[in-house]
Every structure is written in C-alpha cells, then in structure tokens.
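Colleague: Let me see the structure of the following:
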Amino acid sequence: MSVYRPLVCLLRQATAARVWRTVTTWSPVAAAFNARVHRRLDLFHQNVGLFGVPELSSVGGFEVVQDRALQETQQLVEKACRCPPGVQTVEIFDKLSDSLCRVADMADFIKVAHPDPSYREAAERTCINIGTMVERLNTNVDLCKSLKDLLENEEIFSKLDPETRRVAELFMFDFEISGIHLDKKKRKEAVNLNVKLLDLSNQFLMSCHMPNRIEKRALPEHIHQHFTKDGNYIQIGGLNADAPDDLVREVAYKVFLYPNENVMHILEELLSCRDKLARLVGYESYAHRALKGTMAKSPEAVMSFLQQITDKLSDRMEKDFEMMREMKTKLNPRNPELMPWDHPYFSGVIRAERFNIEPSLYSPYFSLGACMEGLNGLFTQLYGVSLLAEQPSVGEVWSEDVRKLAVVHETEGLLGYIYCDFFYRPDKPHQDCHFTIRGGRQLEDGQYQLPIVVLMLNLPHPTQSAPTLLSPGMMENLFHEMGHAMHSMLGRTRYQHVTGTRCVTDFAEVPSILMEYFATDYRVISQFARHYQTGQPLPQSMVARLCESKKVCGAADTQLQVFYAIMDQVYHGKPQNRSTTDIMIDMQKKYYGLPYVTNTAWQLRFSHLVGYGAKYYSYLMSRAVASMVWKQCFYKDPLNRETGERYRREMLAHGGGKEPMLMVEGMLQKRPSIEDFVNALVSDLDPDFEIFIMDSEG
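Modeller: Predicted coordinates for the structure are as follows:
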C-alpha cells in the first residue's frame, strides 16, 4: 500500500465526497454511487493511461498501440499460414482477432466518449486503420487456406471440442461474406466496398444527431424558449416528444425531420453498397447475408414474425390510437387529429392519468446508489457475484464522473471490470449504451483474460440537496445496460471471438431485456427501493401501478417497433426503384396507423440502420425470448440461486460459442416456434387483474 504524505491526506479530507445522510445504512457500492465524485489531487502517482494502457496517457499513444497490433497481426498471419491443421489454428486466429479488437474496440469507444477532441480524432484514425486491416485479412487467400485445411480435414476437425468447431466455422463465415471465394479482381472490389461502407456509415451516424436550423421569424415567439437560439436562427436537435405544447412537438417534428438531400444521398449510397457487396459474395440480398446464423435465419422468417405480430395487434392498436385521440380532443378540442408527434406524448399522459404515474413520486426511491445496491443484491443472490467500487488510478478514466467496479465471484474471484459513465455531458452520445473494451479468453498460461466493459447512461447530476435520482424509465435502462455488462462478466468462453455479447444480434439483447423484468418485479424492487431521506420502502401498490401502466398503449408502441423493423427489412431486401422516403411512406401506411407528414424523412434520423442493418427486429425477438425465460423460469421465484446458476450455465456462459437457438432450447427445455415468440410478445400486453384488485384494496 502506498504511503501518502500529510499534504495529500489534507487534500483528501478537503475534497471528500459528500454522502446524503439518511436513516438507512447504504452498502459500500450504494454509498459510492450516492456520493459526489471529487477526484483528489494526486502528485505522486504516474499517469497509467486510459484503461491502464500506459501508451494512452497521451494522444500519440494511439499510433503506438495501433502499430504494435498491426505488427503482431503480421506475425500471427505468418504463423497461421505455417501451422498444421489443428486446434492451434483456431487459437492463432483468435489471438489475431484479440490483438486487433483490443485496439479497435477501445478506439471505437474513445472516438465518441472522450471529452478531448484530439483524443477522439486519434481514436477515429485508429478505427479506420484497424478496420482497413481487418478487411484485408478477410480477403487473404493464404490465411483462409490455413483455416480451410482444418475444416476439410474431417478426422482432425471432428475431434475438436464443440466451441472450437463453432469458432472455426465463424471465422470461415467472415471470409465467405467478404468474398474470399471470388477471383482477385472481385476480391479487391469487395475490399473497396467494405472500406467505402465504413466511411458512409460514419457519415450517416454523424448526420443522424446534427440539429436543423430555422429562422426565428418563421416560428411563433412564445415557443422560442423551448429550443436553442443561434443568432437569428433556432436550432432543433430532437423531437421534443415530452413537450405538453402541441405546437412545440409539431415544430420539432417537422424541422428536425426535414429532408437533407446530402444525407439522403449518403443513406441511399450506403444501402446500395450493402446490396452490391451482398450480391458480389453470393447472397440474394444484404438481409440474407446479415441474418445467416441468427435465431431468425432468414428475411422470410423475420417478415413472418413481424406480420403475425401485426395481425394479432391490429385491433388493439386501433383502440390505443382511439384513446389517444380522445385524450387529445379533451386537452386540445380545436386540434383533435392524432399525428405522429402525438403518439409518445399522449400514451404517456394516458398512463399517468389512469395509474397516477408521476415520475417525481418514484424518483426519491430510486437514488442511483439504491439502484446499484439493488443490482448488487440481485447478482449476489442469483450468481454469487458482488460489485465492488474501486478508485481509478491517475489517467485511467476519461472523466471525473466515471466510476469503476470490480465484479467478483464468491469462489471464482475477480471476473472483470465495469466502468460506469453515468452523467450527461455535451460530448457524450445521447443514447444509453454499452461498449466492450476487452473480451475475455483463455490465455496460454492458464489464466483468463478479464473482460472490460463500459456502461454509458445520461443521468442527471446530483444536486446540493439530493443524490442522483432516477425516473422509473432510467432505472429500467440501468438494469438493461447492466444485463449486457453481466453477459460479458459471466461468460467464460475459451475464445475472445465469441465472448459475452459477441454473439448474434437477436440473442445479444436477451440478457439485457430479461433484466427489465427483474426491474419491474416487486420482490426485486422491494430489496432496494428506499426513500433517500426517510429510508421508507416504495409501496407495493405504486410498483403494481407502474407495471400495469407500461401495458397501456402497448399495442401501438409495439406496432411502431414493427413498422421500424419492417422498413429496415425492405431497405435491405431486393432493391426498389424508388427513394427511401417513398418506401418509408408506403410501410408507414401499411404497418402504422398514423399519417405520413409531408416534407419529413424520419429514416434519415434512424441511426440503428448502421449498427442493426437488417436486424432491427432483434429487439422484438429478444423480448419474446426474454419473456418466455422470465415466465417459465424466474416468475415464481426471481431470486432463486439454482435458477440463476442454470441461466448462467445454459445461456450467459457461452457468449456466441454455441448456436443461439440451442441455448434458448436448453433453458426452456423446448424449441420455440415463431408462433411461440409472437404469443409471448402479445401476452405481455394482457392486463393483470390480480394487480388491479390488490391496488384497489390498497
């Protein structure tokens, strides 16, 4: 342990974090998150670099770690090409993947999260250089041959363990979709298309969040205050969906979604390049390429799934929209027509009115520390895992607000690290998300490479009089993102290539969505939801109302997701000789009950088209699987250790190292059909009459 001089001790005392005193005693992890963070001035420790990587104590370090990874890549490629077919072939491939991913994944995070533009720019350059190398490797004939020799040697391949065989097949799949089987000219074309797609994807993502401007004089003066002023212009950077004023929502919708010809061209070029690449490497469409290996398997299965949901929800959706129209007529009788900018607002108003759901009534019970204590207790009971707050070293984190958690198992010891970047900053991405910084894998010396992940949420800062207080929605988002983190922490795959969330997209969301069910179960909530001042528990009737309120207008909300998913499928299916806006208008008319608004192009703000291209349906399918796992396995006893261990063993432990439907089948003890998935989704919207009775008695 380091010995500090008295000066440093005084500095520590002077900047000690303030914890809000209550009649309860918070656990150490709760106290850490309910405290104001004040990094102490440390004059005696060297900067360890971001995530403990010494080179990243300065911007120039990105080039150093990048060049080292590229040099190691070359050595591993040569080793793989010399290696006789066997398990060592797969191990070398995985080491090669790990060497590149450890740099690329970290840079991918830093380029969007670091407050210093010079760090973001250096990380962006690193992402491009590593990405270009990956595309070259995926079309390296000699490297592919070394893997193909293994796969075609039935005697050796059959003796490999199942995970090793699957990882070998996944590496070969990467070669195949990159066009390894093509002649030299076409392989070069495939590389060029992939490089171009990287650039187009980055351009589109950046444009999705750029505000639109409109002259002040074009808008009524009384609504100027709701937007950002910029000289003679008003900047509108979002939909203002929660604004009570109908005109504010309408203006935000029409201005923010106003078509930008340049962005329209970027999107259409992106979709065209994806189609060309898919057809070049032998697929009927980009959707067919993207869905190979998923639970859904094919675009036809996805469309069947989405159409069946539509068929079952159409009547309920119309009733939901009728409720919204009635509410709008009641609040604004002069303008009763229901429009797309009304859906999120009036569904929320109806929930609040019908069930008395006012977030400010719940937030005092959901201090950030209380929620982290709840997660800690849940993981301890289900898996024997604890979250321990650690003090980051100098230079290890990118912002003073970042907390570091060690994830420790009662018998296995340290499982990995979670960095929590929870507070809003202008430089942060606006959506809640998680990043894998380093994947877990078995090392040659018998040790395990510990996974590192980052969770990012935009939560309010603490005030002088209160810690950070979460709305119910924020609390659920926290549980959701922590589900992703624990997927990485609890996985113990042999190979980095399939660790944790590195699995097919329609399975990757299952663990995070399952956590939302825990977050709305009173038996779980009652263990941590306490008023930050009085220590009083959150009443069960309030939890019951909150759960039932989520079902109000649920059919319309679900159908909106169906519309997005179908549009995504059509964009990535057979090319159509019409604009993306014309396609969107057609899909909105068929699959969503509210009218298209002239001169808007919602698809230009749909950032998920990049990361979830042809796979946006994954949220709905993952929710169906999570619903089935919850109802069949956890509903009777959500804190049962035996069930938690089985869930880890059957689903979390394998990452992407096992065929996804086999993991689901192992947990449910049956192979679900598309109809089972649809029924699970729809049944989640059915009212729970026992809760109504309990609430009325309360």
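Colleague: For my notes, confirm N192 occurs in a strand.
Modeller: No: counting by DSSP: H, G, I helix; E, B strand; the rest coil, N192 is not part of a strand but helix.
Colleague: Return the distance of it relative to D311.
Modeller: 43 Å (Cβ to Cβ, to the nearest Å). Yep, even glycine has a C-beta here, placed from its N, CA and C like the rest.
Colleague: higher neighbour count, the two?
Modeller: Comparing N192 with D311 by other Cβ atoms under 10 Å, the one with more neighbours is N192, at 13 against 10.
Colleague: Let me know the pLDDT of that one.
Modeller: What the model reports as pLDDT for N192 is 88.
Colleague: just N202 next, same as before
Modeller: So N202 comes in at 88 (pLDDT).
Colleague: now A16
Modeller: The model's pLDDT for A16 equals 33.
Colleague: same deal with R39?
Modeller: Confidence score, pLDDT, at R39: 55.
Colleague: Distance from the chain centre to stretch 72-89, please.
Modeller: Using Cα atoms, centre = their mean, to the nearest Å, the mean C-alpha position of stretch 72-89 is found 34 Å from that of the whole chain.
Colleague: for stretch 614-625, that is, sorry about that
Modeller: 13 Å.
Colleague: just stretch 588-595 next, same as before
Modeller: 27 Å.
Colleague: Kindly report the same for stretch 585-604.
Modeller: On Cα atoms, centre = their mean, the centre of stretch 585-604 falls 26 Å from the chain's centre.
Colleague: Equivalent analysis for stretch 270-290, please.
Modeller: 25 Å.
Colleague: same check, this time on stretch 478-489
Modeller: Distance of stretch 478-489 from the chain centroid (Cα atoms, centre = their mean) equals 9 Å.
Colleague: Scan the protein for its longest strand.
Modeller: strand 413-423 (DSSP state E).
Colleague: who touches that one?
Modeller: Strand 413-423 is contacted from outside by 33, 51, 113, 368, 385, 387, 390, 397-399, 401-409, 428, 437, 440, 450-461, 468, 485, 488-490, using Cβ atoms under 8 Å, 6 or more residues apart in numbering.
Colleague: Just the ones in strands from these, please.
Modeller: Those of the contacts of strand 413-423 lying in strands (DSSP E): 385, 387, 390, 403-409, 437, 452-459.
Colleague: filter the contacts of strand 413-423 to the buried ones?
Modeller: 33, 51, 113, 368, 385, 387, 397-398, 401-405, 407-408, 428, 437, 440, 450-460, 468, 485, 488-490 (16 or more other Cβ atoms under 10 Å).
Colleague: Relative to the longest strand of the chain, what are the paired strands and their orientations?
Modeller: strand 403-409 (antiparallel), strand 452-459 (parallel) (DSSP bridges).
Colleague: as a whole number, average confidence for the first one?
Modeller: What strand 403-409 shows for mean pLDDT is 97.
Colleague: got the angle for it vs strand 385-390?
Modeller: 150 degrees (axes from the mean of the first three to the mean of the last three Cα atoms, to 10 degrees).
Colleague: quick one: contacts of strand 403-409?
Modeller: When contacts are defined by Cβ under 8 Å, 6+ apart, strand 403-409 is touched by residues 29, 32-33, 37, 383-392, 396-397, 414-420, 422, 486, 489.
Colleague: try 7 Å
Modeller: Residues outside strand 403-409 that contact it (Cβ atoms under 7 Å, 6 or more residues apart in numbering): 32-33, 384-390, 392, 397, 414-420, 489.
Colleague: Present the strands paired with strand 413-423 as CSV; the columns should include distance to S304.
Modeller: Listed next are the strands paired with strand 413-423 as CSV, based on distance: least, Cβ to Cβ, whole Å:
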stretch, distance to S304
strand 403-409, 39
strand 452-459, 34
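Colleague: Just confirm I234 is within a strand.
Modeller: Yes: residue state for I234 (three-state DSSP) corresponds to a strand.
Colleague: Neighbours of it, how many?
Modeller: So I234, with other Cβ under 10 Å, has 23 neighbours.
Colleague: Tell me how far it lies from I566.
Modeller: 34 Å.
Colleague: Next, count neighbours for the nearest residue to A301 once chain neighbours are set aside.
Modeller: Using Cβ to Cβ, 6 or more residues apart in numbering and skipping residues adjacent in sequence, the residue nearest A301 is I674, 6.6 Å away. As a burial measure, I674 scores 17 neighbours (other Cβ under 10 Å).
Colleague: Could you list the low-pLDDT ranges of the protein?
Modeller: Within the chain, the ranges that satisfy pLDDT under 70 run 1-25, 37-44, 429-430, 689-698.
Colleague: can you map out the strands along it?
Modeller: Counting by DSSP E, the strands of the chain are 212-215, 228-230, 233-236, 385-390, 403-409, 413-423, 433-438, 441-442, 448-449, 452-459.
Colleague: got the contact list for R187?
Modeller: By Cβ under 7 Å, 6+ apart, the neighbours of R187 are T139, G179.
Colleague: Next one: it from F157, what distance?
Modeller: 25 Å.
Colleague: Please work out how many residues are found near Q632.
Modeller: Neighbour tally, Q632, other Cβ under 10 Å: 14.
Colleague: ok, it touching L668?
Modeller: Yes: in this structure, Q632 is within contact of L668 by Cβ atoms under 7 Å, at 5.9 Å.
Colleague: distance between the longest helix seen in the chain and the chain's centre?
Modeller: Secondary structure assigned by DSSP state H gives helix 299-331 as the longest helix of the chain. Averaging C-alpha positions (Cα atoms, centre = their mean) puts helix 299-331 25 Å from its chain's average.
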